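> Build me a model:
(chains A and B)
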Amino acid sequence: DGGITQSPKYLFRKEGQNVTLSCEQNLNHDAMYWYRQDPGQGLRLIYYSQIVNDFQKGDIAEGYSVSREKKESFPLTVTSAQKNPTAFYLCASSSSGSPHNEQFFGPGTRLTVL
Amino acid sequence: AQKITQTQPGMFVQEKEAVTLDCTYDTSDQSYGLFWYKQPSSGEMIFLIYQGSYDEQNATEGRYSLNFQKARKSANLVISASQLGDSAMYFCAMREDYMDSNYQLIWGAGTKLIIKP
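This is a model prediction of the structure:
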């Protein structure tokens, strides 16, 4: 089955620690995205990548870092510089070959800072 | 300025009734796309329906249809014959198709829909 997997589903972090959220897709999509969602709000774009070894900052990139060494993988690191990292994180991918270039999403990772 | 506005934070609808979820947007581009996604309590975002700015007919996908009024800049989602499983958050999003933004979506704040049995 093609899809997007994110791990872990729940993540707890102590203040001052870096954590890495995993995102893997087997849809052969070129573009991948990371979003942050806070309670009762819409999605905000953190980073996106259109091709391997290239990525761009979104609206709220401060305190986050990414890499795109493989087409299938787009891990997100939440650094200690992110002041309020507790949120729900969603990874997505898309392909210009899809009818509407719509984004497909993973199940999300809920990060809580203790 | 808000580019996507969803004015209904929450809605209660009786099962089997039709429901309309509002979405207005703001863009100066001629070419853009509008999307609706459903987010159940599990958290995953599920793509429902798409409307392109140049599409002459309203989009339909099963029980979902999009009431697209370009002059009013509105793209309301209509769910016919609502079911208990339709209870979820619904998000409207827009993609402006100028070169650098071809991959980015702008999201509304969402509407929480609860279907009553």
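> Between the two ends of stretch B:107-117, how far is it?
By C-alpha to C-alpha, to the nearest Å, the extent of stretch B:107-117 from end to end equals 30 Å.
> immediately after the least confident helix or strand in chain B by mean pLDDT, which helix or strand?
When each helix and strand of chain B is scored by mean pLDDT, DSSP states H and E, strand B:106-107 comes last, with a mean of 92. Proceeding N to C from strand B:106-107, the next assigned helix or strand is strand B:111-116, under DSSP states H and E.
> and that next one with chain A, contact?
No: if you take C-beta under 8 Å from any C-beta of the partner chain as the test, strand B:111-116 misses chain A, and the best it gets is 8.6 Å. Backbone N, C-alpha and C define where each C-beta goes, glycine included.
> Report the buried residues of that strand.
B:111, B:113, B:115 (16 or more other C-beta atoms under 10 Å in any protein chain shown).
> ok, which residues in chain A are in contact with chain B?
A:31, A:33, A:40-45, A:48, A:50, A:58, A:88, A:90, A:92, A:94, A:99-108, A:110.
> beta partners of the most centrally placed residue in chain A?
What sits nearest the mean C-alpha location of chain A, by C-alpha atoms, centre = their mean, is residue A:34, with 2.9 Å. Applying DSSP bridges to residue A:34 gives these bridge partners: residue A:47, residue A:91.
> just to revisit the earlier point, just the buried subset of the residues of chain A next to chain B, please.
Applying 16+ other C-beta under 10 Å to the residues of chain A next to chain B flags A:31, A:33, A:42-45, A:48, A:50, A:58, A:88, A:90, A:92, A:94, A:100-108 as buried.
> The nearest residue to residue B:70 once chain neighbours are set aside - how many residues pack around it?
The shortest distance from residue B:70 to any non-neighbouring residue, by C-beta to C-beta, 6 or more residues apart in numbering or on different chains, is to residue B:53 (7.0 Å). Number of residues near residue B:53 (other C-beta atoms under 10 Å in any protein chain shown) recorded here: 19.
> Could you do the one 10 residues further on as well?
Residues contacting residue B:63 under the criterion other C-beta under 10 Å number 14.
> if I pick it, what's in contact with it?
B:79, B:80, B:81 (C-beta atoms under 8 Å, 6 or more residues apart in numbering or on different chains).
> what would those look like in TSV with secondary structure, distance to residue B:103 and pLDDT?
Formatted as TSV, the contacts of residue B:63 follow (DSSP: H, G, I helix; E, B strand; the rest coil; distance: C-beta to C-beta, whole Å; pLDDT from 0 to 100):
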residue	secondary structure	distance to residue B:103	pLDDT
B:79	strand	28	97
B:80	coil	32	95
B:81	coil	35	95
